[in-house]
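Asks: Need a 3D model of the following:
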Amino acid sequence: MSHDGIRFVSKEEQERAAVAAAHTLPREAVTPQKVRVLLTEGKGLEIDWADGHKSAWSFKWLRDACPCATCNEARELAGLKPGQPKPEPAQLLPMFVPPAKPRNVTPIGRYAIQFNWEDGHTAGIYSWDYLRRNCQCPECAPKS
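Replies: Here you go, the predicted structure:
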């Protein structure tokens, strides 16, 4: 909420900002050494980080974790975490949904990557920090 250049911040926003500041990743942890988009294979994204860590995400996970404002808001309203799929609506005969796959991928400066998804969605910019914080390797993935 803002008024004449003044922005009012909720207590929750203040707490989130404090947590984020306290959990700043080292530069090597968010600097990709090698980025592979496995578009032809339809697999996903792999990154070797400067600190030696290796991460991989499926295209489905990436599409479900789109960080754009619209997707993020919808995910928060549904109580979902990044990468967690929306619940399937109950249907008598389920419709075929093609697997998530980008048409193309674009680097955004030195800080991010953007996917142009086949479903027409293009708004998400996946920063290196966002991807590293949401690493899906067995070492980093949230334990269910």
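Asks: first vs last residue of stretch 16-29, how far apart are they?
Replies: Stretch 16-29 has an end-to-end distance of 21 Å (criterion: C-alpha to C-alpha, to the nearest Å).
Asks: Report the mean confidence score over it.
Replies: Averaging pLDDT along stretch 16-29 gives 77.
Asks: Where does the prediction get shaky in this protein?
Replies: The model of the chain has pLDDT under 70 over residues 1-5, 17-22, 142-144.
Asks: what about residue 12, which SS state?
Replies: Classification of residue 12 using DSSP: H, G, I helix; E, B strand; the rest coil returns helix.
Asks: Could you tell me how many residues sit around it?
Replies: For residue 12, the tally of surrounding residues (other C-beta atoms under 10 Å) stands at 8. Bear in mind the C-beta positions are built from the backbone N, C-alpha and C, glycine included.
Asks: Residue 47 too?
Replies: Using other C-beta under 10 Å, residue 47 is surrounded by 21 other residues.
Asks: and if you look at residue 126?
Replies: 22.
Asks: Likewise for the one 3 residues further on?
Replies: The local packing of residue 129 (other C-beta under 10 Å) involves 15 other residues.
Asks: Settle this for me: it is touching residue 25, isn't it.
Replies: Yes. Proximity of residue 129 to residue 25 meets the contact threshold set by C-beta atoms under 8 Å, at 6.5 Å.
Asks: What residues sit buried inside stretch 111-123?
Replies: If you call a residue buried by 16 or more other C-beta atoms under 10 Å, then stretch 111-123 has these buried ones: 112-115, 117, 121-122.
Asks: closest to residue 65 among these?
Replies: Of all these, the one sitting nearest residue 65 is residue 115; the distance, using C-beta to C-beta, is 10.8 Å.
Asks: who does the helix or strand in which the closest one is found touch, helix- and strand-wise?
Replies: Mapping residue 115 onto the secondary structure by DSSP states H and E places it in strand 112-117. Based on contacts counted as 3 or more C-beta pairs under 8 Å, 6 or more residues apart in numbering; DSSP states H and E, the elements that strand 112-117 packs against are helix 59-64, strand 102-108, strand 125-127, helix 128-133.
Asks: can I get these in TSV with distance to residue 79?
Replies: Below are the helices and strands packed on strand 112-117 laid out as TSV (distance: least, C-beta to C-beta, whole Å):
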stretch	distance to residue 79
helix 59-64	14
strand 102-108	27
strand 125-127	22
helix 128-133	19
